[in-house]
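Engineer: Attaching a predicted model along with its sequence, questions to come.
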Amino acid sequence: MQVVIIGAGIVGLHAARVAREGGHDVWVLEKERFLGEHTSGRNTGVIHAGIFYKPGSLKEKTCIEGNRLTYEWLGRLKVPHVACGKWVVPIPSGLGQEGDLEPFFEKISRLPIPTPLLKSADEVKREEPHLRKTQALFIPSTGVMDAASYLNHLSSYLEGRGVQIILDCQVTGQDHGALKTTKGDIHYDIAINCAGLFSDKIAHMFGITGYEIRPCRGDYYLLQGEFLRHPVYHLPPPQGQGLGVHLTPTLDHQTLIGPNAFFIEEKEDYHHHTDDMKPFKETIDYDLPAVVNPRLVKAYSGNRPKLFFNGEPCYDFTIIQKDDSIHFLGIESPGLTAAPALVQQIKKGFS
């Protein structure tokens, strides 16, 4: 069969891998001139463990399995990464979570992941001298990768195995087994929609209605200097789906701070970087109190593809098969980690 995949982000490339391993002719169409222009290349680069998601959800299941598979692929492709683990610390006591580490620890200890550790404030301080003195959870399966390198290495791997990746090729419609694109018609037996921020538009072309992607902006700053050995996340807030601003040591020995989160109108708006420094400075003041007069520089911005159905938010990954098409909708974080497990779903469409 001829399988045509729309979108060359990390989900699209892993979908291409699975389809090619099944013996199919595979084409990947990417509307941008370069890989990683959107969600797959504009994120924290964290390899997630799978601890923050609704129990039994597709996000949780595919993130846990994807964590293991991602490390395998990063090693196989020789992508720069480090399996450093991460800290989960309480958020300020004013939000009522200073004592909530232990129940969260008990919850995640039941997950099929490498064993989390509950460490005392003294143990944490010995390992992270700059981090405020606090009890914390250590999650050993978390890591940090070079996401752009991952995309480039995986695309080269696929092209070496006969996958056709066509850049600067935008899908404008579909009709009777043919995708209409800016580079002409391309016929398919199965079309797979991995278009990320634009997956709702592609789904509408195939008659799938009611779904809408709303871009949720996330800005990042760099704190110049290496202050941490491990990423620092906070316990999930009592309400809301986000994890808030967190700290990530980068592979080039700086400290990434972000993202914040707010909805915007334009899916491709990455240029109006926020000047509201309050959430970033509050994170530094709270987590790194010894860092005085921190030097912050603007890094980059990304947009999360937040999925809504008939105006209501969808909190889990959504996969829809309709006739000869498969659609991946709302693949936001932890999509970078979950991708190699998530795309196993497409095998059902080949039967």
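Structural biologist: Okay, I see it. Residues are numbered from 1 along each chain as shown.

Engineer: per-domain residue ranges of the protein.
Structural biologist: The chain breaks down into these domains under automatic domain parsing: 2-67+147-213+310-350, 84-141+214-309.

Engineer: for the record, mean pLDDT for the longest one?
Structural biologist: Same thing as domain 2-67+147-213+310-350. Domain 2-67+147-213+310-350 shows a mean pLDDT of 97.

Engineer: just so I have it, where are all the helices in the stretch 151-300 of the chain?
Structural biologist: Ranges of helices in the stretch 151-300 of the chain, per DSSP state H, counting those that start in this stretch, are 199-205, 278-287.

Engineer: which of these sits most buried?
Structural biologist: Comparing the helices of the stretch 151-300 of the chain by mean neighbour count (mean count of other Cβ atoms under 10 Å), helix 199-205 ranks first with a mean of 21. Using the backbone N, CA and C atoms, a C-beta is placed for each residue, glycine as well.

Engineer: Identify the residues contacting it?
Structural biologist: For helix 199-205, the surrounding residues in contact (Cβ atoms under 8 Å, 6 or more residues apart in numbering) are 6-7, 171, 173-174, 193, 195, 211-213, 305, 307, 320, 327-331.

Engineer: Tell me which of the helices of the stretch 151-300 of the chain sits nearest to residue 109.
Structural biologist: Proximity to residue 109 (Cβ to Cβ) singles out helix 278-287 among the helices of the stretch 151-300 of the chain, at 24.0 Å.

Engineer: picking that back up, neighbour count says what about the contacts of helix 199-205? Which are buried?
Structural biologist: 6-7, 171, 174, 193, 195, 211-213, 305, 307, 327-331 (16 or more other Cβ atoms under 10 Å).

Engineer: about what we covered before: can I get the helices of the stretch 151-300 of the chain in a markdown table with distance to residue 161?
Structural biologist: What follows is these, written out as a markdown table (distance: least, Cβ to Cβ, whole Å):
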| stretch | distance to residue 161 |
| --- | --- |
| helix 199-205 | 25 |
| helix 278-287 | 43 |
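
Engineer: Figure out which of those is closest to residue 125.
Structural biologist: Nearest of these (Cβ to Cβ): helix 278-287, 12.8 Å.

Engineer: Packing partners of that closest one?
Structural biologist: Counting contacts by 3 or more Cβ pairs under 8 Å, 6 or more residues apart in numbering; DSSP states H and E, helix 278-287 packs against strand 246-249, strand 255-258.

Engineer: of all the ones you listed, which lies closest to residue 36?
Structural biologist: Short answer: strand 255-258, nearest of the helices and strands packed on helix 278-287 by Cβ to Cβ, at 16.4 Å.

Engineer: Provide the contact partners of the closest one at residue level.
Structural biologist: 44, 218-228, 245-250, 280, 283-284, 296, 299.

Engineer: how does it look with 6 Å?
Structural biologist: Residues outside strand 255-258 that contact it (Cβ atoms under 6 Å, 6 or more residues apart in numbering): 219, 220, 221, 223, 227, 245, 247, 248, 249, 250, 280.

Engineer: try stretch 170-186
Structural biologist: Against stretch 170-186 from outside (Cβ under 6 Å, 6+ apart): 4, 6, 31, 169, 187, 205.

Engineer: Of the contacts of strand 255-258, which pair is most distant in space?
Structural biologist: Of all pairs in those, the most separated under Cβ to Cβ is 219 and 227 at 19.7 Å.

Engineer: For these two, indicate the residue with more neighbours.
Structural biologist: Neighbours were counted for residue 219 and for residue 227 using other Cβ atoms under 10 Å; residue 219 has more, 24 against 21.

Engineer: doesn't residue 273 make contact with that one?
Structural biologist: Yes. In this structure, residue 219 is within contact of residue 273 by Cβ atoms under 6 Å, at 5.4 Å.

Engineer: quick one: common contacting residues for the two?
Structural biologist: With Cβ under 6 Å, 6+ apart, residue 219 and residue 273 have common neighbours residue 301.

Engineer: So for stretch 33-41, what gets flagged as buried?
Structural biologist: 35, 36, 37, 38, 39, 40, 41.

Engineer: what about it, how long is it end to end?
Structural biologist: 13 Å (Cα to Cα, to the nearest Å).

Engineer: what residues does it touch?
Structural biologist: With Cβ under 6 Å, 6+ apart, stretch 33-41 has contacts from 8, 9, 10, 147, 148, 151, 167, 168, 196, 197.

Engineer: Residue 3 should be in a helix, yeah?
Structural biologist: No. According to DSSP: H, G, I helix; E, B strand; the rest coil, residue 3 belongs to no helix; its state is strand.

Engineer: so it bridges to which residues?
Structural biologist: Residues in a beta bridge with residue 3, per DSSP bridges, are residue 26, residue 190.
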